[in-house]
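S.K.: Give the three-dimensional model of this entry:
(2 chains)
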Amino acid sequence: MTTPVVTRFAPSPTGFLHIGGARTALFNWLYARHTGGRMLLRIEDTDRERSTEEAIAAILDGLTWLGIDWDDAPTFQSQRAGRHAEIAHELLESGGAYRCYATAEELAEMRETAKAEGRPPRYDGRWRDRDPSEAPEGAPYVVRLKAPQEGSTVVRDAVQGDVTFPNKDLDDFVILRSDGSPTYMLAVVVDDHDMGVTHVVRGDDHLTNAARQTMIYTALGWDVPTWAHIPLIHGPDGAKLSKRHGALGVEAYRAMGYMPVALRNYLVRLGWSHGDTEIFSTEEMIEWFDLAQIGRSAARFDFAKLENLNGHYIRSSDDDTLLETIDALLPHLETGAELQETLAGPAREQLRQALPGLKERAKTLIDLIESASYIWATRPLAPDEKAAKILDGDARGHLAALADRLDALADWTAAETEAVVRAYAEEAELKLGKVAQPLRCALTGRTTSPPVFDVLETLGREESLARIRDQAG
RNA sequence: GCCCCCAUCGUCUAGCGGUCCAGGACGCCGCCCUCUCACGGCGGAAACAGGGGUUCGAGUCCCCUUGGGGGUGCCA
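M.R.: Here you go, the predicted structure:
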């Protein structure tokens, strides 16, 4: 009989759910679902200064959007401070911890001397073995763990293997602050233990903490959970992910038009693999996910691949699903309200019908919406804004020049137009398609690029417009 | 500084001692399909960081170097 797996995702609500956190949550979720266990959610709001309600909402919203759910109500670490302190005092009584009266100045000095002497900056244990009677009367104190000084602590990690830390490198860290509040180190251990967490799946940056936490578990006589420290996600340049890169909240990805399935699929392949498989359904992910296949090296975030995946999911979504996805996205877009209104009318049906043709070339939902904008564009278009939206500045100029040439032909045919367009494109060293597409589509009566009418209208080419319409039948 | 981790195409990765003159995917480049773009199809360039070992045999195991990253708080 094996204990059912309990994982947890424990974000600190000091910002949004960033991409790394999202993947950590995903891995925890997949592992729990794979094993038939549970995934719990714990909000680590111990740092009252930096924790905000908005951040909590953003995190829950982000998880939900990604399709990650959790079992039971979320635990709020801040509400468990009493329990944390209780354990700290237990440790104090059992001799596993001690009171330290060193002041901030002393600590700073300690660090500086250590640095100057080329030693690692660690607490020197000055109160470790001192008699409590020596304590300054009524002075504030912190509680430090009486960490073993000899030997080593081994973190048995499901991803990293056994990682050994010499105990002499780990000092007597603080577990209870002078104001009686617990530090992260203590709080995590107590919470994970109380919540019955069996597997701690989190970022690589916590590996050293795992050693310290192991010490707490040991001092308490508790079972150490299975660790799984997953490699971090880096920016495209290999440096730690920052705002500069993709360390945006997941809501930013939503706003950029990425579908949750696509982001999830992208994320799961960052650091984890199942042979050569690239596309996973949710069921497949759950079925195949395992800690053993998680890689050990950091991965770089690559927008191009995400985009490709997104395009894949847009193409393979059926029209109704796509429509629903767009509906869900609209509230999160700046111009969404307007569009929502539009799509409540007949434009909705037009959009649905245009979708099969449109979705073939869209990389994001934003692309999709923009390429469909001819449906609800107000006519005649305001020259500068709307036209620019449809064609960029250069293309617009080229189109005008092209229209000039076409007008110069007395009675042009599709073939002639083709020739003129080709010649022009060659002279202007243009990608043929960019300029020619709208015209050619119009000539053949294709509607894949309806903007041509709008553009010609905008350019005031009434004559050209009439001809094209004629030609197109 | 000290401790820890990592290291296969530009990127994500497969590879768990021989079947690897290293496979897939994205991106890139050609060609095909085609009224354009896209989709799709076909093909191509592109990697085991370097050096020592171990072994009959190393991308795969060990060590060193180099290069990345993380940690080193009364933050989490």
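S.K.: only C-alpha atoms for contact and neighbour calcs from this point on.
M.R.: Will do.
S.K.: And A:Pro356, what's its pLDDT?
M.R.: Looking at A:Pro356, its pLDDT reads 85.
S.K.: Now do the contacts for it.
M.R.: Counting by C-alpha atoms under 8 Å, 6 or more residues apart in numbering, A:Pro356 touches A:Asp319.
S.K.: Same question for A:Gly37.
M.R.: A:4-7, A:31.
S.K.: since we're on the closest residue to it other than its chain neighbours, how many residues are nearby?
M.R.: The shortest distance from A:Gly37 to any non-neighbouring residue, by C-alpha to C-alpha, 6 or more residues apart in numbering, is to A:Val5 (4.5 Å). A count of neighbours around A:Val5, defined by other C-alpha atoms under 10 Å, yields 18.
S.K.: For RNA strand B, see how far away A:Val5 is.
M.R.: 22 Å (C-alpha to the nearest atom of the strand, to the nearest Å).
S.K.: again, but for A:Arg315
M.R.: For A:Arg315 relative to RNA strand B (C-alpha to the nearest atom of the strand), the value is 7 Å.
S.K.: swap in A:Val189?
M.R.: Separation of A:Val189 from RNA strand B (C-alpha to the nearest atom of the strand) stands at 12 Å.
S.K.: Where does that residue sit, in terms of helix or strand?
M.R.: In the assignment (DSSP states H and E), A:Val189 maps to helix A:184-194.
S.K.: got the contact list for that helix?
M.R.: A:46, A:77, A:81, A:84, A:87-88, A:175-176, A:209, A:212-213, A:216-217, A:222.
S.K.: swap in stretch A:231-250?
M.R.: With contact meaning C-alpha under 8 Å, 6+ apart, stretch A:231-250 is reached by A:16-20, A:22, A:62, A:203-205, A:270-271, A:295-302.
S.K.: mind checking how far that stretch is from the chain centre?
M.R.: Centre-to-centre, stretch A:231-250 and its host chain are 9 Å apart (C-alpha atoms, centre = their mean, to the nearest Å).
S.K.: that older thread, just the contacts of stretch A:231-250: which are in helices?
M.R.: A:19-20, A:22, A:62 (DSSP state H).
S.K.: quick one: which helix or strand includes A:Ala55?
M.R.: helix A:53-66.
S.K.: how much distance is there from the next helix or strand after that helix to the middle of the chain?
M.R.: Using DSSP H and E, the helix or strand that follows helix A:53-66 in sequence is strand A:75-76. Taking C-alpha atoms, centre = their mean, the mean C-alpha location of strand A:75-76 is offset from the chain mean by 22 Å.
S.K.: Contacts (any at all) between RNA strand B and strand A:75-76?
M.R.: No. Counting by C-alpha under 7 Å from any atom of the strand, no contacts exist between strand A:75-76 and RNA strand B, the nearest distance being 10.2 Å.
S.K.: tell me the average confidence for that strand?
M.R.: The model assigns strand A:75-76 a mean pLDDT of 96.
S.K.: List the strands paired with that strand, with their directions.
M.R.: Taking DSSP bridges as the criterion, strand A:75-76 forms sheet pairs with strand A:38-43 (parallel).
S.K.: how about JSON lines for the contacts of A:Gly37, with secondary structure, pLDDT and distance to A:Asp319 added?
M.R.: As requested, the contacts of A:Gly37 are exported to JSON lines (DSSP: H, G, I helix; E, B strand; the rest coil; pLDDT from 0 to 100; distance: C-alpha to C-alpha, whole Å):
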{"residue": "A:Pro4", "secondary structure": "coil", "pLDDT": "94", "distance to A:Asp319": "40"}
{"residue": "A:Val5", "secondary structure": "coil", "pLDDT": "97", "distance to A:Asp319": "39"}
{"residue": "A:Val6", "secondary structure": "strand", "pLDDT": "98", "distance to A:Asp319": "38"}
{"residue": "A:Thr7", "secondary structure": "strand", "pLDDT": "98", "distance to A:Asp319": "37"}
{"residue": "A:Tyr31", "secondary structure": "helix", "pLDDT": "98", "distance to A:Asp319": "32"}
